[in-house]
Each structure stands twice: as C-alpha cells, then as structure tokens.
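# Give me coordinates for this.
(chains A and B)
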Amino acid sequence: MTLEAALGQALSGISLGMVWFLIAAGLSIIFGTLKILNMAHGSIYMLGGFLCYQVTSTFSHIPGVFWLALLVAPLVTALVGGCIEILLLRRIYGLDMIYQYLLTFGLILIVAEVCKLIWGVGYNTVAVPWPLNDTVSLFGLSFPKYNLFMIGMGILVFVGLRALIGATSLGAVVRAVTHNREIANALGINVPRVYTGVFMLGCWLAGLAGTLTPPMSVVALGADVSVIIDCFIIVVIGGLGSIPGAFLGAIILGFTTAFGLYIIPKLAVAFGFILMIIILIIRPRGLMGEPD
Amino acid sequence: MRNLVKALIVLGLGFALVAMPCIDPAPAASTEKPIKIGFIHSMSGAMSMYGISSEAGAKIAIKEINTAGGVLGRKLELITRDDKLSAETGLREAKDLILTEQVDFLTGTISSAVALAISSYVAKEKKIFIVNVSQSSQITEEKWNPYVFRINTNAVPYWGYAPAIALGKTWKPKKIVSLGFDYECGKNSLAAFKEKYLELVPDAQIIDELWAPLGTTDFTAHISKIANSGAEALFLACIYGGGEIAFTKQAYAFGLYDKMKMIQPCAGDVETWSDVKKGDPYPKGALATCRYPFWAIDNPKNKAFVEEHKKMVGFWPSYGAMNEYVAIHALKKAIEKVGSVDTEKLIKELAGMELDTFIGTVLLRAYDHQAMMPNWYGIIEFTPDLPFPHVTDTHTIGAEGYHTIEQIKNLRK
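Residues are numbered from 1 along each chain as shown, chains lettered A, B, ... in the order given. As a prediction, this is how the structure comes out:
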C-alpha cells in the first residue's frame, strides 16, 4: 500500500465518518438526555436532503444558493423536531420502551410517505457549490475540496458541541437534566423546555448532515433506512449517549470501511457488523459509554 | 337556485348526448369488432416514465395501422393498465384484461417479477404475451413458455456480454477492477461480463471485485481504492438509477474519468442523463451500452417516431417505446399472414419472424422467442446536436451478444 493510497483511503474514511458522526451525535444526545432511541433520526436526515434540494432548485437563480440551504434546511428540520417532541414524544416519556419504538418507527413511515407526496420518487441532484467544486492536490493525491469541507464541518461541530455542553451555562443545564431529571426539576430548571431544546438540536444535526450530503450524492427516498443502520453501529461502538463516543465510533467505522475495502474487498459489506459484534462481546457498553 | 343548477345539468347532459356523434363519427364502415391489445405497465411511480413512453410507442403504431385501414379490416384497440410494479397487481390486471375485456394479446411490463407472473398465467389462458422492457433472462430462458415473446434485449447481453464485446473491440484493457451492487443482478452481470471478456481477451484479469450494499450512495472509499488499484479500467456492474448518479458525481469529482477507462453499461440510455446539462458531472468518455440511441439512427421513420413521441408525451423516447412500436407492427404482420387472431397459428408465424425495425430487419429467434434486438455501444460525450451527454461513434452488437441456443438448452435442463 503506497502512501498515496493510504492517504486516499484515510481521507475517504474520515469523510464517510464525519457525515455519520453528525447524525449519530444527534441520536446520541437525544438518547443521553431524553432516554429516547429515535429510530426516525434517519428520516430527519433524509428530510434535510429534500429540503436542501428544494431550496437550491427553487432559488437556483441566486449564486451560491447552497449556502442559503445550509442555513435554512437544518433550521427547518429542527423546527419539525420541535413539533415532534412537543406533540408526540411528551406523551410517552413515562411509558414502556416499546411505545417509543412504535412511535418513532411509525414516524419513519410517515416521513417517507410525506417526502414521497411532496417530492415524488425520482432522483434529485444538487450541484457542488462554488468555491468547492474543484480538487486539491495532497502529496500527489487529488481529493475533492467538498469532501475536505465535509470533514471540516464534522470536526467543527464536534468541537462546537463539546464547548456548548461542557463550557456554557446552557450546557450545564443540559448536563444537570441528563444527570438527574428530578433534582434538576426541583432546582427550578424547566425540564420539558430542555427536552424540546435537546431534541431540536439533535434534529438540527441530522438536518445539517442531510444538507451536506446532496452535492456529492443524490436526493432520493430510501436514504433514511440505509443511514440509520450505520449510525446504530456507530453508537454501539462508541457508547450510546456519548458525543466523543459517536465521534470515535464514526472515525473507526469510516476507517474500517475504507481500509477493509482496500485489503479484503470481498468482505467489505460485512465489516461494520463484524466490528459491532466484537465491541459488543468485549465491551458491551461501547468504547466511551457509561456503565449502567 | 337549486332548480337552476339542475336545469343546467340536464341541459349540459343533453348537449353532450347530441354532440357526441358529431365529435366521434361512428365508424359505421367497420362493423367488425376491434382487435384488443392489453397493455400492462408501470404507469405511476418511480418507473412510470417507461410505462408512459412504451404506451406512446404502441399508440403511434396503432394510429399508423388504423389510419391505413386496420388489420383484416378490424381496428386495433389498446387497453392500458397500471401494475404498480407489483406482481400481484400485474397478474390481477392480466386476468381482468383477458377474462373481462377479452383482449386478444397482452404486452408490456418493466418489472421482471410482473413479467414472470403474467408469463405463467398466459400459458394457462393460451394467449400471447410480448415483453417490451423487462430484462431478466429467465423470462426467455429457464422460465420460458411458448406463449411468451420478448422484443427487447435482456440482462445477459445488456449487463454482461455486450459491454464485454464492446470493450474487446475498443480498448482491450488487461487489468480491470469491478464495482457492483451486492445482489443477484450485480453478481450475474459481473459473471457474464467476465465469461465473455476473458474469452475475447484471454490474458486479461479482473484484479479486484468491489461490492457495495444495494442502495449505497456514498462510494468515496470505493473510488479512492479504485483510483489506486493499478487497474487500467473499471467495470460498473449493475449500478444504476440513484446509485449511478451518486457514483458518477463522486467519480467525476475525484477525476476518475480522466484517470482510467470506464465501462459504464446503462449510461448510454437517455433516461438517467437527459436532465444533465453541460457543466454538470457526467460519465465523461465512458464506454456505455445503449438500447435505443435515436440520435444515431439515420432513418426518416426513426426521426418521425422521435418527433411524434415527443409531441405525444413531452420527453425523449425510451427503448421501451421503440420496442413496443416494433411489437405492434409484428403482431399486425403476423395476423395478416395468418388471417385471424388464432393464438397457436400466430405463435408459429411470430417465431422466426424477421421484425421490421428502424435499423432494418431483426430476427425474432424461434427457439426462445427472444428478438435479437441490437445493443448499441459508444463513448459518452456532449455534442452540439443534443443538450445532454450521449453515446457517440455508435456501433451495434446483434445476435452475438445473446446466449446461444446451446447455452439456453443447458440452462433449461
């Protein structure tokens, strides 16, 4: 394996992983605070993709419209998330886990049908935005600027989330609610509002990932289910509820996919699952998960 | 007020009844009942473009035939049904068409599952079924029965043999890497390609086989691996639709099309690329197969057909439209020779018939009822003639692209 090939696989792996990280981080934050495993998280991601397509195609006459989409689409998904939390999830917090599975699974079907009604079943595309529609040369390897941008966004969001939750007073409130809901409530923290806020943040992240993907991919139905499987693998590896865990898990899965593909291509499809099984055997709570 | 509305309705209905004979002068001359053709296709949803296009092909043929006096003095009539890509719905529509509408023939289908379901049904009802889009080779090979005809290519030449022959006639690369969707069609496609290509270029080898789960849209890691694989060419096995668009965008961004030879079957058909404009990513310089490059066929009948199709439905004709047009004309020719719509006699007439197409005659092979429709190939580029990227410098592959009768005999054992 040459240096160029290794660098190529490494960058591709991280670029794959960073999009997954954005989605998995949202999944993890929501679970950490609300104790809800949002199976419809992939649907929010897909919705972000369709919104990105909608904004870029409606305002295609504006140059650099993608950057507008990057601002608008995640906000819309966050608002959709807010509605879901207030109207639906609030009713089931006290109930058995099976109710959240049923509810969030139902949401997968509803979001998919709504997307089908609005945008149809065809394939939609979004152009790579200026000034990223080019490649850069790194040690003789040419790599699309847009993929580097996606990597940068992943790292930026990771650092931002760490700072937000670890170093701000808002983050302290979220940590308090995550740690002990009742005491936080007794101390005068408005717990339902924190829940709504955290769920919206999670959906904003999924929407961000959904908006970032289309320029290098295609906007179509089916993205919801295919991405959620990868994200479940990531949170199992990293530990559900932990943002650094999701970051680590995403990088590990990205690397495993990219290098696995390089070394034993015929087994590539199975690598994620093999990794998950190994982690479940040796460290069931995930690499950075808290013990129960 | 209510009375006024009622009066208006009565008035309207009355006018409609009076006006009807004026709008549609009753064909008093042809007292013979029409010959009915049941057309079952995907008329809604993701694949409906093929259904609508194929229906247009049939309608153009029927209009030509009926204007010229019909067949044996009888008009042709098309009855369209939507199978919604479901074998169950397709079969239900087929039953309704034969039992209630009493159609004389069935034609259509895109989904191979629908085609196979209808195939076994028509064998019981003893009616002819002509397939115009479905690709599975099983329809005319392992699961064939004498009531089934196919006027279209099938998966063997289209996904495997034709790209192999095309590659053997053009670049003849020795080291090839493949990338496919990890499911039956992908595996079959690579197997057929490998078999034919290694026969033509014995010292070639497939140095790596890469697979991605069906539905993958991020091929970044695959592309990076392909770029560094040391192969001269990439064969794309059965990656189509959204996956193909996503792959092409990423491969284009990585400069893969400049780096190595690309064999991208399917990219030659207009359906995926007709919305792509100059400046967008496209399969630049790739070798592609195509089932109907209407821009490359120099025949006034073809030109008129393309115009008529565009006028009728508003978009470029798919290969389904051409196949359906050929199928309806084949039926007409056979009925006129036989002098009736007797199924058994028509089967004898159709089997081995020389079909009239836009590129001369094509054999409808008697053994498996598979038409030897050509597979075109060429290099994907933009030209000033068309607004979208398309195969240029086209050549055709005919019967040599199909399984031989010997091969099919072995498969049917």
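# Now the residue of the stretch 151-292 of chain A found nearest chain B: closest residue in space, sequence neighbours ignored.
Per CB to the nearest CB, the residue of the stretch 151-292 of chain A with the smallest distance to chain B is A:A258, at 3.9 Å. The way it works is simple: take the backbone N, C-alpha and C, and place the C-beta from them, glycine included. Taking CB to CB, 6 or more residues apart in numbering or on different chains as the measure, A:A258 lies nearest to A:G13, with 3.2 Å between them; neighbours along the chain are not counted.
# Thought A:V128 was touching A:M216, still the case?
Yes: A:M216 lies in contact with A:V128 (CB atoms under 8 Å); the separation is 6.9 Å.
# For the two, list the residues in contact with both.
Shared between the contact lists of A:M216 and A:V128 (criterion: CB atoms under 8 Å, 6 or more residues apart in numbering or on different chains) are residues A:144, A:146, B:249, B:253.
# And the residue nearest in space to the middle of chain B, how far from chain A?
Central residue of chain B (CA atoms, centre = their mean): B:V133, 3.3 Å from the mean position. To chain A, B:V133 is 17 Å away according to CB to the nearest CB, to the nearest Å.
# what about that residue, is that helix, strand or coil?
Of the three states, B:V133 takes coil under DSSP: H, G, I helix; E, B strand; the rest coil.
# so what pLDDT did it get?
According to the predicted model, the pLDDT of B:V133 comes to 94.
# For it, which residues are in contact?
Under the criterion of CB under 8 Å, 6+ apart, the contact list for B:V133 reads B:41, B:50, B:54, B:108-110, B:152, B:319-320, B:323.
# re the thing from before, for PyMOL, what selects the buried ones among the shared contacts of A:M216 and A:V128?
With 16 or more other CB atoms under 10 Å in any protein chain shown as the burial test, the buried ones among the shared contacts of A:M216 and A:V128 are selected in PyMOL as follows:
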select buried, (chain A and resi 144+146) or (chain B and resi 249+253)
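# Could you tell me the model confidence score at residue 104?
You didn't say which chain, so I picked chain A. The score at A:T104 is 92. That number is its pLDDT.
# that answer is for a different chain, and I need it for chain B
The predicted structure scores B:D104 at 96 on the pLDDT scale.
# Give me the number of neighbouring residues for it.
Close neighbours of B:D104, defined as other CB atoms under 10 Å in any protein chain shown, add up to 22.
# residues in contact with residue 120?
By default, I'm working from chain A. Counting by CB under 8 Å, 6+ apart, there are no residues that A:G120 touches.
# Hmm, no, I was thinking of chain B.
Under the criterion of CB under 8 Å, 6+ apart, the contact partners of B:S120 comprise B:143, B:145.
# In space, what's closest to B:F193 - neighbours in sequence excluded?
Of all residues apart from its sequence neighbours, B:G160 sits closest to B:F193 (CB to CB, 6+ apart), at 4.5 Å.
# what's the burial count for the one you found?
B:G160 is surrounded by 27 other residues when neighbours are defined as other CB under 10 Å.
# what's the answer for A:G160, then?
Counted with other CB under 10 Å, residues neighbouring A:G160 total 10.
# That one in helix, strand or coil?
For A:G160, the assignment made with three-state DSSP gives helix.
# Lovely, talk soon.
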